[in-house]
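> 3D model of this:
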Amino acid sequence: MRLKFTKMQGAGNDFVVLDGVRQKLALSAAQYRALADRQFGIGADQILLVEPPDAPDVDFVYRIFNADGDEVEQCGNGARCFVRFVREQGLTDQHAVRARTVNRVIVPRMEDDGRVTVDMGVPVLDPDQVPFDTRGLVSRTQGRDTLWPLVLPGAERWISVVSMGNPHAVQIVDDVETAPVAAEGPLIESHTRFPRRVNAGFLQVLSRSQARLRVYERGSGETLACGSGACAAAVAGMLRGVFDDRVDLQTRGGLLTIAWQGQAVFMTGPAQTVFNGEIDLQALVTRSASTAPVGAQHALQGHIPAPSACPTLTAFTASTPSTSSIHRP
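Numbers count the residues shown, from 1 in each chain. Now for the predicted structure:
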């Protein structure tokens with residue numbers, strides 16, 4: 001099966017985007033893992049699947065699959081790429097598009113300056129709905145926020161618990177560059193207090209309107225940016241009283257602007273098409289790829305796929321108009 005795809009990025013958070021409107025796609029978790037693999041696949045933080053509407057009040061269905069093959073509820077950077085994709089592909093000419101995710105409807109809108117604003121919906125602050133297990137814990141308050149202790153090996157962190165359609169644990173740190181993201185991120189992500197796992201945010205406050213953020217994403221590891229994580233961090237900071245109702249969050253991949261006045265959260269940021277291409281999906285998914293963890297296919301019993309088993313990428317076209325098409329045999 002030859003699969004057409006578009007590679008996109010939003011503030012460095014990169015995606016493989018698939019058109020499920022013009023063709024019906026029913027990929028397996030192993031196939032999503034193979035597409036996301038940066039050694040033997042295309043490489044991406046998430047795979048985005050655009051499907052026809054399932055109800056009269058939406059324009060499209062927007063599905064998100066993490067690099068580990070699991071379908072997840074929300075991806076804000078992906079939502080910005082989604083609306084650029086459907087417009088560039090001629091699937092719509094609307095500037096604002098209503099899209100259904102697993103558990104909510106979002107409305108990304110293309111701005112005149114080329115950036116995209118996404119109505120990310122109303123944040124969920126009830127721990128039971130995030131979900132977060134509070135049994136036996138004693139909370140404390142900061143401003144209007146409720147902070148919860150999270151016990152890690154050798155440390156205790158006070159976190160804000162927020163859902164933007166997906167779960168987030170936000171802690172404030174002195175310096176994101178020296179924050180233990182690599183060490184504590186996986187521990188927080190898989191903490192037993194979060195039955196569906198969680199995205200771990202590390203937030204450095206610079207002023208009432210500026211901050212820096214790193215996020216260890218559920219199922220993907222640390223990414224250059226996390227849109228829903230930026231929204232959750234901004235909400236947490238506003239509830240704690242350290243931010244005004246609009247804040248610029250600098251991620252490692254770019255700047256995201258978050259605005260919140262108590263109802264829906266609005267996120268504005270970049271979205272860019274990198275290239276379009278096709279890939280042989282059947283050749284991509286070998287037995288080792290279908291059984292090894294994401295990112296570790298090449299390490300399975302020292303196996304390196306034979307040249308004949310390697311996927312072929314063709315019709316690779318860069319998005320820059322001055323760049324000619326490149327064909328790989």
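
> could you use CA atoms for every contact and neighbour count after this?
Will do.

> can you list the low-confidence ranges for the chain?
286-329 (pLDDT under 70).

> which residues of it fall in helices?
29-36, 76-88, 181-189, 227-240, 281-284, 287-291 (DSSP state H).

> how far off centre is the first one?
Computed by Cα atoms, centre = their mean, to the nearest Å, the chain-centroid distance of helix 29-36 equals 16 Å.

> cool, and the shortest one?
With Cα atoms, centre = their mean as the basis, the distance from the averaged C-alpha position of helix 281-284 to the chain average is 25 Å.

> cool, and stretch 70-89?
9 Å.

> related to what we said a few turns ago, out of the helices of the chain, flag the one nearest Ala11.
Proximity to Ala11 (Cα to Cα) singles out helix 76-88 among the helices of the chain, at 7.4 Å.

> other residues contacting that closest one?
8-11, 13, 15, 17, 48, 50, 62, 92-94, 96-97, 108-110, 116-118, 120, 225-228, 267, 269-273 (Cα atoms under 8 Å, 6 or more residues apart in numbering).

> next, the contact list for the closest residue to Cys75 other than its chain neighbours, please.
Counting by Cα to Cα, 6 or more residues apart in numbering, the nearest residue to Cys75 once its immediate chain neighbours are dropped is Ser228, at 5.8 Å. Shown in contact with Ser228 (Cα under 8 Å, 6+ apart): 74-77, 120, 164, 166.

> now the strands: where do they sit in the stretch 101-250 of the chain?
Taking DSSP state E, counting those that start in this stretch as the criterion, the stretch 101-250 of the chain contains strands spanning 105-110, 116-119, 140-142, 145-152, 155-163, 167-172, 199-205, 210-217, 221-223, 246-250.

> can I get these in TSV including distance to Phe85 and mean neighbour count?
Shown next, in TSV, are the strands of the stretch 101-250 of the chain (distance: least, Cα to Cα, whole Å; neighbours: other Cα atoms under 10 Å):
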stretch	distance to Phe85	mean neighbour count
strand 105-110	11	22
strand 116-119	12	23
strand 140-142	41	12
strand 145-152	37	17
strand 155-163	26	20
strand 167-172	26	26
strand 199-205	26	26
strand 210-217	23	24
strand 221-223	21	20
strand 246-250	24	22
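
> can you redo those as CSV with distance to Gly43?
CSV is the format used below for these (distance: least, Cα to Cα, whole Å):
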stretch, distance to Gly43
strand 105-110, 25
strand 116-119, 23
strand 140-142, 40
strand 145-152, 31
strand 155-163, 27
strand 167-172, 24
strand 199-205, 20
strand 210-217, 16
strand 221-223, 13
strand 246-250, 24
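
> against Phe82, how distant is the residue nearest the centre of the chain?
Most central in the chain under Cα atoms, centre = their mean is Cys75, positioned 4.0 Å from the mean C-alpha point. According to Cα to Cα, to the nearest Å, Cys75 stands 10 Å off from Phe82.

> and for Leu281, nearest residue in space, chain neighbours not counted?
Met1 (5.5 Å).

> was I right to think the one you found contacts Leu284?
No - assessed by Cα atoms under 8 Å, Met1 is found out of contact with Leu284, at 9.9 Å.

> now the terminal residues of stretch 120-130, how far apart.
First-to-last residue span, stretch 120-130, Cα to Cα: 15 Å.

> cool, and stretch 112-132?
Stretch 112-132 end-to-end distance (Cα to Cα) = 39 Å.

> show me how far it is from its chain's centre.
12 Å.

> who touches it?
76, 79-80, 104-111, 133-134, 161-167, 193-196, 228, 232, 235, 263-271.

> mind checking how far Ser228 is from Glu88?
Taken as Cα to Cα, the span from Ser228 to Glu88 is 24 Å.

> now do Cys75
20 Å.

> quick one on the thing from earlier: go through the helices of the chain and pick out the most buried.
Stretch with highest mean neighbour count among the helices of the chain: helix 227-240 (a mean of 27; mean count of other Cα atoms under 10 Å).

> just how off-centre is that one within its chain?
Remark: helix 227-240 is offset 15 Å from the chain centroid, using Cα atoms, centre = their mean.

> stretch 27-43 now?
The answer for stretch 27-43 is 16 Å, by Cα atoms, centre = their mean.

> same check on stretch 107-121?
Stretch 107-121 has its C-alpha centroid displaced from the chain centroid by 16 Å (Cα atoms, centre = their mean).

> do the same with stretch 128-138
24 Å.

> and it, what's buried?
Residues of stretch 128-138 classed as buried: 130-132 (neighbour count, 16 or more other Cα atoms under 10 Å).

> so what would you say the end-to-end distance of that stretch is?
15 Å.

> quick revisit: which one of the strands of the stretch 101-250 of the chain lies nearest to Ala44?
When the strands of the stretch 101-250 of the chain are compared by Cα to Cα, strand 221-223 sits nearest Ala44, at 10.0 Å.
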